[in-house]
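Peer 1: based on what follows, work out the 3D shape:
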Amino acid sequence: MNIRSTAHASAARRRTPHRIALPLAAAIALATVLGCAGAPPEPPAQPSAPSGNPLDNVDTAGNVLAVKIDNVGAHVQALHQGLAQADIVYWIEVEGGQSRFLAVYDANHLPALIGPVRSARETDIPLLQQYGRVDFAYSGAISGLLPLLARADLQNITPATDPGVFTNNGVDPTFVDPHRILAEHPSVPARSPGFVFGPAPDGGSPLAAMTWRLPAASIGAHYNGSTYDVTVDGRHGWTGTATVVVQHVSIVPGAFTDFNAGHPDNEVFTRTVGSGDAQVLRDGKVWNTHWNRPDPAEGTAFTLPDGSAMTFATGPVLVVLVP
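Peer 2: As a prediction, this is how the structure comes out:
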């Protein structure tokens, strides 16, 4: 099964050669001999690249890019690019009960284009904090949020900071070239957002399909025998998702109000730091779990009722954030 059937071929696994340890005395003697012979000292050891992909367990990982993707209306959804190739996709409520996506990619699993790209939200800052200083591509934000984004541990990439990576001169609809972003901007290697991958645990209840709703949006997942087909507002979105996480969170009034639509809309805030209930879907089954993330700089743990870690299936992950 090719769980990235719509993605470009991933990079080959890196291999780290085995090292043979010398007894301490022999090592000291050898170093003395080499020093007398005038051999140059060895350079300090460099940290090795990650040997696996902590985002979805597919091949090796590269540096990380996050992109905010529009998801309002059928005309926008028909333009979607790059969601099937994301390692992790978050489905997030925004003002008016609508939804947007926050997609996370590593450098070894990149599509040609991602978008259409839209504006950042307050929710994105703590959600991305667990990944470290990632590149974050978006097309602006409400004025009150800009200082928070500037202070956040993010490499902010917008049409104002780097118009060359956005299509259509950054005018909606605009898309980003992820290869160019990661080539031009420093980012951090992928690190785990708390996911544990492995064989399915015992138990679980059969569940072939389910739909989750916000006031003005919905998302669904249907098990096709190997992975999940995702529907967005009742329309086909993409296929190939290996694990669906339904994380029950508090969605509260945000600190900012948007007047761009000609009337005030509160930009709601989704709390992803804390704890609560969650369901995890994989292999055509569902498990009831508990999520816990007390530290915004750390990942989210998903545990079974007996306290053991809930294991995810290898492949892309969809995280549905609902009350």
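
Peer 1: going forward, measure contacts between C-alpha atoms and count neighbours the same way
Peer 2: Fine.

Peer 1: tell me the bridge partners for the closest residue to Asp124 other than its chain neighbours.
Peer 2: Closest residue to Asp124 apart from its sequence neighbours, by CA to CA, 6 or more residues apart in numbering: Leu102 at 7.8 Å. Taking DSSP bridges, one finds Lys68, Tyr90 as the beta-bridge partners of Leu102.

Peer 1: quick one: the strands in the stretch 201-323 of the chain?
Peer 2: 205-206, 209-214, 217-223, 228-232, 235-241, 243-248, 250-258, 265-271, 274-282, 285-293, 301-303, 311-312, 317-322 (DSSP state E, counting those that start in this stretch).

Peer 1: quick one: mean pLDDT over the last one.
Peer 2: Right, the one you point to is strand 317-322. Strand 317-322 shows an average pLDDT of 98 in the prediction.

Peer 1: give me the angle between it and strand 235-241.
Peer 2: Here strand 317-322 runs at 130 degrees with respect to strand 235-241, directions being taken by axes from the mean of the first three to the mean of the last three CA atoms, to 10 degrees.

Peer 1: output the below-cut-off pLDDT ranges for the stretch 1-150 of the chain.
Peer 2: Regions of the stretch 1-150 of the chain meeting the criterion pLDDT under 70 cover residues 1-51.

Peer 1: can you map out the helices along the stretch 1-150 of the chain?
Peer 2: In order along the chain, the stretch 1-150 of the chain carries the following helices (DSSP state H, counting those that start in this stretch): 24-36, 74-77, 124-129, 146-151.

Peer 1: hang on, the earlier thing: closest to Pro186 out of the strands of the stretch 201-323 of the chain?
Peer 2: With CA to CA as the criterion, Pro186 lies closest to strand 317-322 of the strands of the stretch 201-323 of the chain, at 24.8 Å.

Peer 1: what packs against that closest one?
Peer 2: strand 88-93, strand 209-214, strand 243-248 (3 or more CA pairs under 8 Å, 6 or more residues apart in numbering; DSSP states H and E).

Peer 1: report the buried residues of the second one.
Peer 2: Put plainly, it is strand 209-214. Within strand 209-214, the residues scored as buried using 16 or more other CA atoms under 10 Å are Ala209, Arg213, Leu214.

Peer 1: quick one, what contacts the nearest residue to Arg282 once chain neighbours are set aside?
Peer 2: Leaving aside its sequence neighbours, Arg282 sits nearest to Thr243 (CA to CA, 6+ apart; 5.0 Å). Under the criterion of CA atoms under 8 Å, 6 or more residues apart in numbering, the contact list for Thr243 reads Thr227, Tyr228, Val280, Leu281, Arg282, Phe312, Ala313, Thr314, Gly315, Pro316, Val317, Leu318.

Peer 1: Ile157 now?
Peer 2: Remark: with contacts taken as CA under 8 Å, 6+ apart, Ile157 is in contact with Asp135, Phe136, Ala137, Tyr138.

Peer 1: circling back to that earlier point, possible to save the helices and strands packed on strand 317-322 as CSV with distance to Pro126?
Peer 2: What follows is the helices and strands packed on strand 317-322, written out as CSV (distance: least, CA to CA, whole Å):
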stretch, distance to Pro126
strand 88-93, 13
strand 209-214, 21
strand 243-248, 15
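
Peer 1: so which of these gets nearest Gly254?
Peer 2: Judging the helices and strands packed on strand 317-322 by CA to CA, what sits closest to Gly254 is strand 88-93, at 11.4 Å.

Peer 1: now that closest one: how far from the chain's centre is it?
Peer 2: Using CA atoms, centre = their mean, to the nearest Å, the distance from the centre of strand 88-93 to the centre of the chain it belongs to is 9 Å.

Peer 1: what are the contacting residues of that strand?
Peer 2: Taking contacts as CA under 8 Å, 6+ apart, the residues outside strand 88-93 that touch it are 55-56, 83, 99-105, 214, 268, 270, 316-322.

Peer 1: tilt between it and strand 209-214?
Peer 2: Angle between the axes of strand 88-93 and strand 209-214 is 50 degrees (criterion: the same axes, to 10 degrees).

Peer 1: where does the stretch 201-323 of the chain dip in pLDDT?
Peer 2: Within the stretch 201-323 of the chain, the set of residues satisfying pLDDT under 70 comprises 258-264.

Peer 1: if we use 80, what do you get?
Peer 2: The stretch 201-323 of the chain contains residues with pLDDT under 80 at 256-266.

Peer 1: rewinding a little: between the contacts of Thr243, which sits nearest Asp172?
Peer 2: Using CA to CA, Leu318 comes nearest to Asp172 of the contacts of Thr243, at 25.4 Å.
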